[in-house]
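Undergrad: Quick one: sequence and predicted model below, then my questions.
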Amino acid sequence: MQWSLPLVSWAWPICIIVTRTLTANLPHPAADITACKLAANQNVYLSAGFGYELNCAPSVGTLSAFMMFVDFPDQGADESTPEVLRDFLLPRAADWYDRASYGALDLLVMADTSRFYRMPATAASYNWERGLTAEKHQRYIQDALAAYNAPIPVVDVLYIVPTANATAITYSPTFMGNVTTRDGTYVAKKSVTFGYDAYKTWGSLVLNHETGHAMCLPDYYPFNGSATGLFIGGWDLMGLISGPSPDYLAWDKWRLGWLSDNQVDCVAEAGQTSHVLSPLEVSGGKKAVVIKHNDTNALVAELRSSRSLDSASCATGILLYTVSTMIATGGGPMRVLDPTPSSGGCGGDELNDATLTVDGTSSYIIADWHVEIKVVGRVGENYEIMVTLV
Ligand SMILES: *[C@@H]1O[C@H](CO)[C@@H](O)[C@H](O)[C@H]1NC(C)=O
Ligand SMILES: *[C@@H]1O[C@H](CO)[C@@H](O)[C@H](O)[C@H]1NC(C)=O
Ligand SMILES: *[C@@H]1O[C@H](CO)[C@@H](O)[C@H](O)[C@H]1NC(C)=O
Ligand SMILES: *[C@@H]1O[C@H](CO)[C@@H](O)[C@H](O)[C@H]1NC(C)=O
Ligand SMILES: [Zn+2]
């Protein structure tokens, strides 16, 4: 008893000194994570912030879907529906979400594979190629529901799959309004109507791209006619379905609830901080550093590898991109920054090798935003980076 009092009394100041010494050398404590959760702007279509509202399909738990198959008087089916389903869509698309979401999203599809339901009008008459308005798209969906002519369960997403013979249904848009039958019965939050491009070009990943829209994700390729890879190359299938690294960007995985707040570091104040990132494609560990620029813009650093969904990746390392909640779908709400702007890229796009690495280009300065990102080293699969915000 006699010894313990003096011990405690001088152990206390030492403890404080030790803490101060460490604080001087260690990075600043991470900012409150909420500072980096940029709010969506409800007036910007599919704004890439948190809390965008458009009766979006759920991104965690079960996303329920109903799938039906259609053919047309002018373009009839001669394949079988289970064949279409198995060879082309499921279970591949559901497995993809299971891996991308680290098990957080379960895509549950009820499919009626009994037959192709015959649409009342020719495939050509839906005018797919000459610009599909929301009204014409709705007419197509309601024709399919009328052809089905039986109750279907209320689901999050209705999938309508045409025969591979229906070349006139050229592409695969998502109807973003509430889906109802012509007499007003509510069916689903969204509908994905597949097209010939799914068979010809994209395969099951088109389901993952379009269902991303059902969850209110924007398109990351430009709508103005520039090259598909202009904004983000092949880093996320919302930018390019056939890109070498199709897994969703960490910013969206965070927004969708697939990454928890403690898997993201937020930098919102000037200073120097260090962070250890683990590959985005595998579960567990820190997945992103978000450097807040202002209430609508942020810079994100994440580590991409060639694991899991990104096995076709042609470059790995720290990927940097900006996010703006003020830019609508197709206008470049996400933009990958390129530390090696005249490398020639890889996998068909200049941006596909836009990573910082230990051996190659290891630091990048975003002058306008007063930020420097530097790769400090690599421990196993993980990267340590230093963020300097002035
Ligand atoms: C469907 O397409 C195949 C070849 O792709 C063709 O042989 C067949 O005649 C077509 N069937 C119908 C009903 O149009
Ligand atoms: C769609 O349905 C949701 C939920 O049932 C409702 O809140 C929303 O107002 C509907 N949207 C339209 C455009 O009818
Ligand atoms: C499309 O928009 C981007 C971003 O604003 C711009 O850099 C590009 O030049 C535009 N392309 C065309 C063809 O207008
Ligand atoms: C936020 O930053 C972006 C990019 O620098 C800029 O265009 C925008 O005007 C800024 N917004 C505000 C409110 O300062
Ligand atoms: Zn799209």
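TA: That came through, no problem. Ligands and ions are numbered 1, 2, ... in the order given.
Undergrad: Now do the contacts for the closest residue in space to Gly284 that isn't next to it in sequence.
TA: Nearest residue to Gly284, sequence neighbours excluded (CB to CB, 6 or more residues apart in numbering): Ser278, at 6.8 Å. From N, CA and C alone the C-beta is placed, and that goes for glycine too. Residues near Ser278 by CB atoms under 8 Å, 6 or more residues apart in numbering: 284-287, 303, 381-382.
Undergrad: Contacts only, for Met238.
TA: With CB under 8 Å, 6+ apart, Met238 has these contacts: 209, 212, 217-220, 248, 252.
Undergrad: again but with Asn165, I slipped
TA: By CB under 8 Å, 6+ apart, the neighbours of Asn165 are 71, 75-78.
Undergrad: Of these, which count as buried by neighbour count?
TA: 71, 75, 77 (16 or more other CB atoms under 10 Å).
Undergrad: The second one and Gly195 touch, don't they?
TA: No. Using CB atoms under 8 Å as the test, Gln75 is too far from Gly195 to be in contact (11.8 Å).
Undergrad: list residues touching both of the two?
TA: 162, 166.
Undergrad: Could you report the separation of the spatially most central residue of the chain from ligand 1?
TA: Using CA atoms, centre = their mean, the residue of the chain that lies closest to the mean C-alpha position is Tyr248, 3.5 Å off. From Tyr248 across to ligand 1, the span is 34 Å (CB to the nearest ligand atom, to the nearest Å).
Undergrad: can you check Gln142 too?
TA: In terms of CB to the nearest ligand atom, Gln142 sits 24 Å off from ligand 1.
Undergrad: Check Val84 too.
TA: 13 Å.
Undergrad: Show residues contacting the strand or helix carrying that residue.
TA: Per DSSP states H and E: Val84 is located in helix 81-84. Contact partners of helix 81-84, identified using CB under 8 Å, 6+ apart, comprise 69, 111, 113-116, 161, 163-164.
Undergrad: What average pLDDT does that helix get?
TA: Averaging pLDDT along helix 81-84 yields 84.
Undergrad: Now the element after that helix, going C-ward?
TA: Assignment by DSSP H and E places the next element after helix 81-84 at helix 92-100.
Undergrad: average pLDDT for that next one?
TA: 97.
Undergrad: Check whether the helix or strand that comes right after that helix comes near ligand 1.
TA: Counting by DSSP H and E, the next helix or strand C-terminal to helix 92-100 is strand 105-118. No. Residues of strand 105-118 contacting ligand 1 under CB under 6 Å from any ligand atom: none, with a closest distance of 10.1 Å.
Undergrad: how about the residues of the stretch 101-250 of the chain near ligand 3?
TA: Counting by CB under 6 Å from any ligand atom, the stretch 101-250 of the chain sits next to ligand 3 at 222, 224-226.
Undergrad: run the last query once more with 8 Å
TA: Residues of the stretch 101-250 of the chain lying close to ligand 3 (CB under 8 Å from any ligand atom) are 222, 224-226, 230-231.
Undergrad: quick one: which helix or strand includes Trp254?
TA: helix 250-255.
Undergrad: picking that back up, most neighbours among the residues of the stretch 101-250 of the chain next to ligand 3, which one is it?
TA: Phe231 (25 neighbours; other CB atoms under 10 Å).
Undergrad: So for that residue, what's the nearest residue that isn't a sequence neighbour?
TA: Gly332 (4.3 Å).
Undergrad: so how far is ligand 4 from that neighbour?
TA: From Gly332 to ligand 4 the distance is 12 Å (CB to the nearest ligand atom).
Undergrad: And Val376, by the same measure?
TA: Taking CB to the nearest ligand atom, one finds Val376 at 27 Å from ligand 4.
Undergrad: Contact partners for that residue?
TA: 274, 384-386.
Undergrad: tell me which of the residues you listed is nearest to Ile141?
TA: The closest of those to Ile141 turns out to be Ile385 (CB to CB; 46.4 Å).
Undergrad: That closest one belongs to a strand, doesn't it?
TA: Yes. Secondary structure of Ile385 (DSSP: H, G, I helix; E, B strand; the rest coil): part of a strand.
Undergrad: So in terms of bridging, what pairs with it?
TA: His275, Val375 (DSSP bridges).
Undergrad: tally of neighbours for it?
TA: Ile385 has 23 nearby residues by other CB under 10 Å.
Undergrad: Could I get the full set of helices for the stretch 101-250 of the chain?
TA: Under the criterion DSSP state H, counting those that start in this stretch, the stretch 101-250 of the chain contains helices at 134-148, 196-197, 205-214, 250-255.
Undergrad: Among the ones you listed, which comes closest to ligand 4?
TA: helix 250-255 (15.7 Å; CB to the nearest ligand atom).
Undergrad: following the closest one, which helix or strand shows up next?
TA: Helix 250-255 is succeeded, C-terminally, by strand 264-267 (DSSP H and E).
Undergrad: partner strands of that following strand, parallel or antiparallel?
TA: With DSSP bridges as the test, strand 264-267 pairs up with strand 288-292 (parallel).
Undergrad: Enumerate the positions of stretch 181-191 that are buried.
TA: So, applying 16+ other CB under 10 Å, buried residues of stretch 181-191: 181, 187-191.
Undergrad: Please read the previous query as pertaining to stretch 287-302.
TA: 287-293, 296-302.
Undergrad: Ligand 1: which of the residues you listed is nearest?
TA: Nearest member of the buried residues of stretch 287-302 to ligand 1, counting by CB to the nearest ligand atom, is Glu302, at 42.4 Å.
Undergrad: Please tell me I have it right and the closest one contacts Ile318.
TA: Yes. Proximity of Glu302 to Ile318 meets the contact threshold set by CB under 8 Å, at 7.3 Å.
Undergrad: what touches both of those two?
TA: With CB under 8 Å, 6+ apart, Glu302 and Ile318 have common neighbours Leu277.
Undergrad: who are the neighbours in contact with the nearest residue to Leu54 once chain neighbours are set aside?
TA: Excluding its sequence neighbours, the residue lying closest to Leu54 (CB to CB, 6+ apart) is Cys216, at 5.4 Å. Cys216 sits next to 46, 52, 54, 56-57 when contact means CB under 8 Å, 6+ apart.
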